[in-house]
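Peer 1: Predicted structure and sequence below. I'll ask about it afterward.
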Amino acid sequence: MRVLVYVEDRDGEPTADSLAAVAKAAQLTGNAAAVLCGDRVTALGPRVCAAGAAHVYVADDPTLAAPLPQPRVDVLAALVRQHELDTVLFATSSLTTDVAGALANRLQAGLNWDLVDLELRGGELAGRRLALQDSVLVEVGWQGSPRLALLRPAAFGPDPPGPAGVAGEPAVEAYPAVIEPWSAQVRLVERRAEEAGASSIGDAELVVAGGRGLGGAHGFELLEELADALGAAVGASLPAVEIGWYPRRALVGQSGTSVAPRLYLACGISGAIQHKLGMQNAGTIVAINTDPRAPIFDFADLAVVGDVYEIVPDLTALVRARRQGSADTKGDAR
Amino acid sequence: MKIAVCAKVVPDSSVARLDPATLRLDRADELRVNPPDLHAVAAAVRLRDEAGAGEVVLLTLGPAASADALRHPLALGADRALLVTGGGAAGSDLLATTRVLALALGREQPDLVLFGQQAADSNGAVLWAAVADRLRLPLASRVVSVTVAPQGVAVSCSSERGLELCELPLPCVLSVSTAISEPPVPTFRELKRAGARPLERISAAELGLEPDELGEAGSGTRVLSLGAPPTRGERRDVVDDGQAAAAIFDLLVARSLI
């Protein structure tokens, strides 16, 4: 098996999720390769080796400075063909989703996405994916080669996967970035970091929502902090919106947006039918309410009778600590 | 400006599921256009109207029964629809679907191709990049705003890195977020009128696809088995004694949510 892992860089670092994918590849084969594509990314090579890659290709070129997918597809396609690689792994992100989709067409290669597990069974690669809002576990395979896979980041970290079976000295090798003219037609004009997280609740994979039980607009500040830590969007029930505690665009329910995120964390929401209709298809529903008879508990996976003001700050701290620990562990991976 | 919107038709999960207690009928076989695609249609209609000329064409790959569901986007102002019905298209994965859409788009030659952005756990989330690659057209994803610029379009894209402002020449492919526009709810009269708009049916074979390019034969992936997820269980009740946050945190970790 000849595996290549695409390692995404962000803010001058390989992403922790990408390094977790490298570690996973190193579990599958002692000969895993990785590729970095960007401007001034050569210095990141040793970090990728430390995560378990036996060989790191580095396409270090100013034309790859902007985090755009199409030029990266050209580099990956050439690399896979030249070295007859049979498997390419990506840690799911906005960028890698586009790179993987395009590469699948370019190489006419099967792509399985959102995998929570990947294993070799009698020489055959098999992946596992949760479908239909995480209600079904699907085992997937590939026909032919190369095989492409997008891995759900949270499923592959942050615990280090054990010592990598790297044979010999890891090698970092420059790889030319040969970009086709039509791949370089998108121009990145400007980036505004401060507007991150402005995504609408309809798109969000994780939603933290508040209702009348919060008792005031200040309760939403706690929810926003938790949402920041989780990478979630903030939603609101109709009473909270009508009282004016939160903007109407965040309204979840029959008269607002219907959502089906992986996680719906309902804080101080009673769960009236109008609200239920807008969120009952969520994968995992956690409800916090002081009233043990709140209807929302009837369709929650985890029903917590308690005070949002005590529980949410603790939860935010736990999530932040995990994120921090995750970054540290992966940063020091060896 | 000629704009094609690739719209997916899906089972309507908002209608009642089978209730095991009452054995009430499960109506999940009713089809509707995937909700994010309606936002793309509304954005396309706005761009067409701002340009003052052109048309909005819906492209759908699906069963013949999809035609009724296409009334909704037509009522939002789309001019016509092209429904590619599959002989053998069932079971098509990313590669096979990409071939069909690329051929249909090649036939229409639009200036702009729009998709409705979907979540990363949906196979739709990799489709537009594959279609753009097949057509060799520039691509932008997760677009939250789009304006027509002198040299093409200017878009804002939302990602983990923040908001990225990009310029693309035409023709190009965009996947647009639900934040891009709010589709109005069509009136009964608009829905009725939409029934009169042209809806062309064409088979994948008529588009020029070989049988082995479609369905499972034309796919690069396969499903090995289906099962219940390991962690989904009965409801758990917790009364907060100071440990509730930890209980929630443990569940999020166990279900790979963080």
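Peer 2: Perfect, thanks for sending it.
Peer 1: so where does the closest residue to A:Q108 other than its chain neighbours fall, helix or strand?
Peer 2: Here the nearest residue to A:Q108 in space, its sequence neighbours aside, is B:L95; by C-beta to C-beta, 6 or more residues apart in numbering or on different chains that works out to 6.3 Å. Heads up, the C-betas are built off the backbone N, CA and C, glycines and all. Secondary structure assigned from DSSP states H and E places B:L95 in helix B:94-108.
Peer 1: partner strands of the very next helix or strand once past that helix, parallel or antiparallel?
Peer 2: On the C-terminal side of helix B:94-108, the nearest following helix or strand under DSSP H and E is strand B:112-116. Under the criterion DSSP bridges, strand B:112-116 sits next to strand B:2-6 (parallel), strand B:172-176 (parallel) in its sheet.
Peer 1: mind listing what's buried in stretch A:270-280?
Peer 2: Buried residues in stretch A:270-280, defined by neighbour count with 16 or more other C-beta atoms under 10 Å in any protein chain shown: A:270-272, A:275-276, A:278-280.
Peer 1: swap in stretch B:215-235?
Peer 2: By neighbour count on 16+ other C-beta under 10 Å, the buried set for stretch B:215-235 is B:215, B:218-221, B:223, B:229.
Peer 1: Pick out whichever of those residues sits closest to A:L318.
Peer 2: Distances from A:L318 to those, taken as C-beta to C-beta, are shortest for B:P229 (23.4 Å).
Peer 1: Give me the pLDDT for the closest one.
Peer 2: According to the predicted model, the pLDDT of B:P229 comes to 63.
Peer 1: Phi first, then psi, for B:R136.
Peer 2: Torsion angles at B:R136 (phi, psi; degrees, to the nearest 10) stand at phi 60, psi 50.
Peer 1: what's the burial count for A:P176?
Peer 2: Using other C-beta atoms under 10 Å in any protein chain shown, A:P176 is surrounded by 12 other residues.
Peer 1: For chain B, see how far away it is.
Peer 2: Applying C-beta to the nearest C-beta, to the nearest Å, one obtains 20 Å for the distance of A:P176 from chain B.
Peer 1: can you redo the strands paired with strand B:112-116 as CSV with distance to B:T147?
Peer 2: Written out in CSV, the entries for these read as follows (distance: least, C-beta to C-beta, whole Å):
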stretch, distance to B:T147
strand B:2-6, 14
strand B:172-176, 12
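Peer 1: which stretch among these comes nearest A:V259?
Peer 2: Of all these, strand B:172-176 sits nearest to A:V259, with 17.8 Å by C-beta to C-beta.
Peer 1: Can you confirm whether the strand ranked longest in chain B lies near chain A?
Peer 2: Secondary structure assigned by DSSP state E gives strand B:139-149 as the longest strand of chain B. Yes. Under the criterion of C-beta under 8 Å from any C-beta of the partner chain, chain A is reached by strand B:139-149 at B:139-142, B:144.
Peer 1: Quick one: list the elements packing against that strand.
Peer 2: Based on contacts counted as 3 or more C-beta pairs under 8 Å, 6 or more residues apart in numbering or on different chains; DSSP states H and E, the elements that strand B:139-149 packs against are helix A:69-82, helix A:94-107, helix B:35-51, helix B:127-135, strand B:152-159, strand B:162-168, strand B:172-176.
Peer 1: Mind putting those into CSV with mean pLDDT?
Peer 2: As requested, the helices and strands packed on strand B:139-149 are exported to CSV (pLDDT from 0 to 100):
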stretch, mean pLDDT
helix A:69-82, 98
helix A:94-107, 96
helix B:35-51, 94
helix B:127-135, 97
strand B:152-159, 91
strand B:162-168, 92
strand B:172-176, 96
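Peer 1: Redo the ones you listed as TSV? Include mean neighbour count.
Peer 2: Formatted as TSV, those follow (neighbours: other C-beta atoms under 10 Å in any protein chain shown):
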stretch	mean neighbour count
helix A:69-82	22
helix A:94-107	26
helix B:35-51	22
helix B:127-135	26
strand B:152-159	22
strand B:162-168	20
strand B:172-176	27
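Peer 1: Would you reformat those as a markdown table and include distance to A:A20?
Peer 2: A markdown table is the format used below for the helices and strands packed on strand B:139-149 (distance: least, C-beta to C-beta, whole Å):
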| stretch | distance to A:A20 |
| --- | --- |
| helix A:69-82 | 19 |
| helix A:94-107 | 13 |
| helix B:35-51 | 29 |
| helix B:127-135 | 23 |
| strand B:152-159 | 19 |
| strand B:162-168 | 23 |
| strand B:172-176 | 26 |
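Peer 1: Distance check, A:Q82 against A:E180.
Peer 2: Counting by C-beta to C-beta, to the nearest Å, the gap between A:Q82 and A:E180 amounts to 16 Å.
Peer 1: what are the ranges of the helices in chain A?
Peer 2: Per DSSP state H, chain A has helices spanning A:16-28, A:45-50, A:69-82, A:94-107, A:218-230, A:238-243, A:273-279, A:308-331. These are given in chain order.
Peer 1: Tell me how many other residues crowd the nearest residue to A:P313 once chain neighbours are set aside.
Peer 2: Beyond its immediate neighbours in the sequence, the residue positioned closest to A:P313 (C-beta to C-beta, 6+ apart) is A:L222, lying 6.3 Å away. Close neighbours of A:L222, defined as other C-beta under 10 Å, add up to 20.
Peer 1: B:A205: helix or strand, and which one exactly?
Peer 2: Secondary structure assignment for B:A205, by DSSP H and E: helix B:204-207.
Peer 1: for that helix, which positions count as buried?
Peer 2: B:204, B:207.
Peer 1: Packing partners of that helix?
Peer 2: Under the contact rule (3+ C-beta pairs under 8 Å, 6+ apart), helix B:204-207 is packed against strand B:80-85, helix B:94-108.
Peer 1: So, low pLDDT: which residues of the stretch 101-250 of chain B?
Peer 2: Applying pLDDT under 70 to the predicted model, the residue ranges of the stretch 101-250 of chain B that meet it are B:119-124, B:229-233.
Peer 1: can we see that at 50?
Peer 2: Applying pLDDT under 50 to the stretch 101-250 of chain B picks out residues B:231-232.
Peer 1: The single nearest residue of the stretch 51-200 of chain A relative to chain B - nearest residue in space that isn't next to it in sequence?
Peer 2: Ranked by C-beta to the nearest C-beta, the top residue of the stretch 51-200 of chain A for proximity to chain B is A:G110, at 2.5 Å. Leaving out its chain neighbours, the residue that sits closest to A:G110 by C-beta to C-beta, 6+ apart is B:G220, at 2.5 Å.
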